[in-house]
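K.L.:
Sequence and predicted structure, then a few things I'm wondering about:
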Amino acid sequence: MAPPAPPLALTHPALLAVLLVAAACLVVSASYVLYDTDLWQHLVMGRAIWETGGVPRTQLWTWPQYGEPCFLSSWGFRALVWPVWSGGGIAGLFAWRWVTTLGVFVFVFATARAMGARGLSAVLVLVWYSLDYRLRTDVRPETLASLFFAAQLWILERHRLAPAGDVRAARRTWWIAGLACAWANVHISYYLGFALLALHLADAHVAAAKTGAAGEAGRARARQLWRVAAVAAGASFLNPFGGVALWQPFEFALAWRSDPLMRTIGELYPVPLDVAVRNGLPLWPLLLLWRARRRGWDVAELLACLAFTGLALSSIRFMATYALIAAPFVARDLHDLFTSRRWPVPVVTLPGRAILTAAACVLLCIGDWIRPDLPLGIGLDPVTYPEKACDFMAAHGLRGRGFNHTHHGGYLAYRFWPDRDRLPFISTQPEYARPEERRLYVQALLGPAGWQALDDRHRFEWVLLDREQAGDDVLLETLDADTSWAMIFADDAAELFVRRDGPYEALADSFGYRVVPAGKERRRALVGACELHPRLRALARAELERQIAGSPLHGGASHLLGILELMDRRYVEARTRLERALALKPLLPNVHDLLGTIALAEQRWADAARELGRERRFHQAPSGNFYRTGLAHQKLGDWKRARGFYRRELARDAASPAADSLAKLEAGR
């Protein structure tokens, strides 16, 4: 029977060693390649603050609203991040991520310790919840807001748990006013600080209702927190936009949230229940109920669990905030659970427990670290911003009224500001656009009629769109089918169009693609046509070679070229092209399946089985994948696995040739 683990001093070598491992886990988790397109908007606005010597109050970053009054949200964060970027580049941005992430969880861990979670299990809980926080470690205003949130929770819990009459704890609460002022200047989530105050005020008033010394301590705490809340509210108005800045989150909840364009933002969707369960949301309520049965209700914990679990379920954006407030309470409650009884497990020495805890921290994180959609690395994902397309625009003097996807607006502004003639139509903050423009933008993505309505209004001269189409976006197909537009540049990040009858008629004539289309549906149609017409294949091959020469981001072009080479049974060339495509775009669907098909044709049976298996690991198995895998295993002499794959193919397609292959195998048994 293992006795309860004794509390560990913060300076104990075993705890320090585990904390070092946990810190390393946090740093690795915050070291995936940056993909957040808002970054460029933050940088250009920060640059404007430094170069103009003040906070701009007019729109400078989109051409339709240029010069109109503008509220610059998160100006404090943007002013801070610009010198980090201009002085430190990518290394500076990653240092920002590491320092802010470690700072946040230092406060989370300190709060858990103050609550009584003084064992090694608190470190494990911290690392576990850091995985929910991970996706908010991009360089964005929330990194500072999260730091303020965690710091304020620590201050309030230290005050709540301090002995009656503790002057230092009471004085420390005045720091909340400073946090409120800073918070209102860096992010619109400042209201979360007041939510924390409200939770602790409620807890203080419940304590004040008691008799004796406990009631008097509760009343004193409530009086102090009310004073702090009043000063913090006044301090929040100390920002360049006053009450306008403080109204922003409420305007979002009441108006912007129902805007058609805002509804396309994925992080505003509710968290699916299965995801919530996998992320451990039920654990906190269960522990809360266990503790309440044993010790009575902790009012602050009860209200925090209700409020922040509700927020987390309402929007993916709040999962990180939930993690920060849940972690110290869960750590405390688990520590109480572990120390409340003797466990029927072998006694493990403290060094052994430290080693096991450190190993568990790493094992918890490995699944997230190997996610193919979040590759680890220090850099910026080049596919998320149209650098080479903007190079083309600059080299050929392209300017004037342009249209762009919202997530390209930040980079366009970053790249070309203050050149007003090259600013984007819409930015990564669509709330800066007029409501009618946002409505027309959404309609333009959905079909020719919507696009025509928007184009009639503005008469665009160029259009820059993301090659990867999200949801119901068919604008690439719309433009490609419209003979008044010509695609003049394409790579994995973006496709650029100009109007054939406008000022760039010569560009359209010289650089316009005549065979290779824009849009995934029209590219799919091209593949089908090329299979029937060798002459068309040759023309398409030449244009794809031009795309490859025009940008290092040519995974899509290499993919198509590999398919064309495969049609001509040029297996070596096809394999080279497809492997290059995967090197540039590791998550391209069907490419491993094609490589497996090539390996079958070349009688490389083991390679075929491996590539076909990789396709299934990353994507849903395409038609015929199980059949081809069965062929590979049959050639390898593994008849049992071959039968299994043939049967899986027949379960999907009863007319598959797998039926004949399976019959022959069964006959030869």
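P.N.:
Sure, I can see it.
K.L.:
What helix or strand is residue 506 located in?
P.N.:
Per DSSP states H and E: residue 506 is located in helix 505-511.
K.L.:
what's the answer for residue 487, then?
P.N.:
Assigned by DSSP H and E, residue 487 belongs to strand 485-490.
K.L.:
quick one: buried residues of the helix or strand hosting residue 176?
P.N.:
Secondary structure assignment for residue 176, by DSSP H and E: helix 175-186. Within helix 175-186, the residues scored as buried using 16 or more other CB atoms under 10 Å are 176-177, 179-186. To be clear about C-beta, it is placed using only N, CA and C from the backbone, and glycine gets the same treatment.
K.L.:
Can you name the next helix or strand after that helix?
P.N.:
Of the helices and strands lying after helix 175-186 in sequence (DSSP H and E), the nearest is helix 191-208.
K.L.:
helices or strands next to the longest helix along the chain in the packing?
P.N.:
Scanning the chain for the longest helix, with DSSP state H as the assignment, gives helix 75-115. Contacts defined by 3 or more CB pairs under 8 Å, 6 or more residues apart in numbering; DSSP states H and E place helix 75-115 against helix 13-29, helix 38-52, helix 121-133, helix 142-161, helix 175-186, helix 319-339.
K.L.:
can you tell which of the ones you listed is closest to residue 275?
P.N.:
Distance to residue 275, taken as CB to CB, is lowest for helix 319-339 among the helices and strands packed on helix 75-115, at 9.0 Å.
K.L.:
Using PDB, write down the CA coordinates of that closest one.
P.N.:
Below are the C-alpha coordinates for helix 319-339, written out as PDB (Å, rounded to 0.1, in the frame of the first residue of the first chain):
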ATOM      1  CA  MET A 319     -10.800  26.400 -24.800                       C
ATOM      2  CA  ALA A 320      -7.400  28.000 -23.900                       C
ATOM      3  CA  THR A 321      -9.000  30.300 -21.200                       C
ATOM      4  CA  TYR A 322     -10.800  27.300 -19.800                       C
ATOM      5  CA  ALA A 323      -7.500  25.400 -19.500                       C
ATOM      6  CA  LEU A 324      -5.900  28.300 -17.600                       C
ATOM      7  CA  ILE A 325      -8.600  28.400 -14.900                       C
ATOM      8  CA  ALA A 326      -9.300  24.700 -14.800                       C
ATOM      9  CA  ALA A 327      -5.700  23.600 -14.300                       C
ATOM     10  CA  PRO A 328      -5.100  25.000 -10.800                       C
ATOM     11  CA  PHE A 329      -8.400  23.800  -9.400                       C
ATOM     12  CA  VAL A 330      -8.000  20.300 -11.000                       C
ATOM     13  CA  ALA A 331      -4.500  20.100  -9.700                       C
ATOM     14  CA  ARG A 332      -5.700  20.900  -6.200                       C
ATOM     15  CA  ASP A 333      -8.600  18.500  -6.300                       C
ATOM     16  CA  LEU A 334      -6.500  15.700  -7.700                       C
ATOM     17  CA  HIS A 335      -3.900  16.300  -5.000                       C
ATOM     18  CA  ASP A 336      -6.600  16.100  -2.400                       C
ATOM     19  CA  LEU A 337      -7.900  12.900  -4.000                       C
ATOM     20  CA  PHE A 338      -4.500  11.300  -4.100                       C
ATOM     21  CA  THR A 339      -3.600  12.200  -0.500                       C
END
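K.L.:
could I get the helices and strands packed on helix 75-115 as JSON lines with distance to residue 90 and mean pLDDT?
P.N.:
Listed next are the helices and strands packed on helix 75-115 as JSON lines, based on distance: least, CB to CB, whole Å; pLDDT from 0 to 100:
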{"stretch": "helix 13-29", "distance to residue 90": "16", "mean pLDDT": "96"}
{"stretch": "helix 38-52", "distance to residue 90": "11", "mean pLDDT": "96"}
{"stretch": "helix 121-133", "distance to residue 90": "22", "mean pLDDT": "95"}
{"stretch": "helix 142-161", "distance to residue 90": "16", "mean pLDDT": "97"}
{"stretch": "helix 175-186", "distance to residue 90": "22", "mean pLDDT": "97"}
{"stretch": "helix 319-339", "distance to residue 90": "23", "mean pLDDT": "93"}
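K.L.:
Any idea which of the ones you listed gets closest to residue 223?
P.N.:
Closest to residue 223 of the helices and strands packed on helix 75-115, according to CB to CB: helix 142-161, at 12.1 Å.
K.L.:
residues near residue 230, how many?
P.N.:
Here the number of neighbours of residue 230 (other CB atoms under 10 Å) works out to 11.
K.L.:
and it, which of the three is it?
P.N.:
Of the three states, residue 230 takes helix under DSSP: H, G, I helix; E, B strand; the rest coil.
K.L.:
Could you report the pLDDT at residue 669?
P.N.:
With respect to pLDDT, residue 669 scores 59.
K.L.:
Likewise for residue 232?
P.N.:
We have a pLDDT of 97 for residue 232.
K.L.:
Nearest spatial neighbour of it, chain-adjacent residues omitted?
P.N.:
Once flanking residues are discounted, residue 232 sits nearest to residue 180: 3.8 Å by CB to CB, 6 or more residues apart in numbering.
K.L.:
Pretty sure that neighbour sits against residue 229.
P.N.:
No. With contact defined as CB atoms under 8 Å, residue 180 does not count as touching residue 229 (9.0 Å).
K.L.:
Where do the helices of the stretch 251-400 of the chain begin and end?
P.N.:
For the stretch 251-400 of the chain, helices defined by DSSP state H, counting those that start in this stretch occupy the ranges 273-278, 283-295, 299-314, 319-339, 350-369, 387-395.
K.L.:
Would you reformat the ones you listed as CSV and include distance to residue 475 and mean neighbour count?
P.N.:
Listed next are the helices of the stretch 251-400 of the chain as CSV, based on distance: least, CB to CB, whole Å; neighbours: other CB atoms under 10 Å:
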stretch, distance to residue 475, mean neighbour count
helix 273-278, 30, 11
helix 283-295, 43, 15
helix 299-314, 31, 19
helix 319-339, 31, 24
helix 350-369, 34, 16
helix 387-395, 16, 19
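K.L.:
Turn those helices into a markdown table, including distance to residue 24.
P.N.:
Output for the helices of the stretch 251-400 of the chain, formatted as a markdown table (distance: least, CB to CB, whole Å):
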| stretch | distance to residue 24 |
| --- | --- |
| helix 273-278 | 25 |
| helix 283-295 | 25 |
| helix 299-314 | 27 |
| helix 319-339 | 18 |
| helix 350-369 | 9 |
| helix 387-395 | 32 |
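K.L.:
So for residue 415, which of those sits nearest?
P.N.:
helix 387-395 (4.8 Å).
K.L.:
neighbouring contacts of the following helix or strand past the closest one?
P.N.:
Using DSSP H and E, the helix or strand that follows helix 387-395 towards the C-terminus is strand 402-404. Contact partners of strand 402-404, identified using CB atoms under 8 Å, 6 or more residues apart in numbering, comprise 63, 412, 422, 424-426, 444, 454-455, 458, 460-465.
K.L.:
avg pLDDT for strand 402-404?
P.N.:
What strand 402-404 shows for mean pLDDT is 97.
K.L.:
Likewise for stretch 462-473?
P.N.:
The predicted model assigns stretch 462-473 a mean pLDDT of 93.
K.L.:
With stretch 367-374 instead?
P.N.:
Taken as a whole, stretch 367-374 has a mean pLDDT of 92.
K.L.:
Can you give me the end-to-end span of it?
P.N.:
End-to-end distance for stretch 367-374: 11 Å, by CA to CA, to the nearest Å.
K.L.:
same deal with stretch 482-502?
P.N.:
Using CA to CA, the end-to-end distance of stretch 482-502 comes to 14 Å.
K.L.:
buried ones in it?
P.N.:
So for stretch 482-502, counting by 16+ other CB under 10 Å, buried means 482, 485-500, 502.
K.L.:
and residue 564, what does it touch?
P.N.:
Shown in contact with residue 564 (CB under 8 Å, 6+ apart): 530, 537, 540-541, 544.
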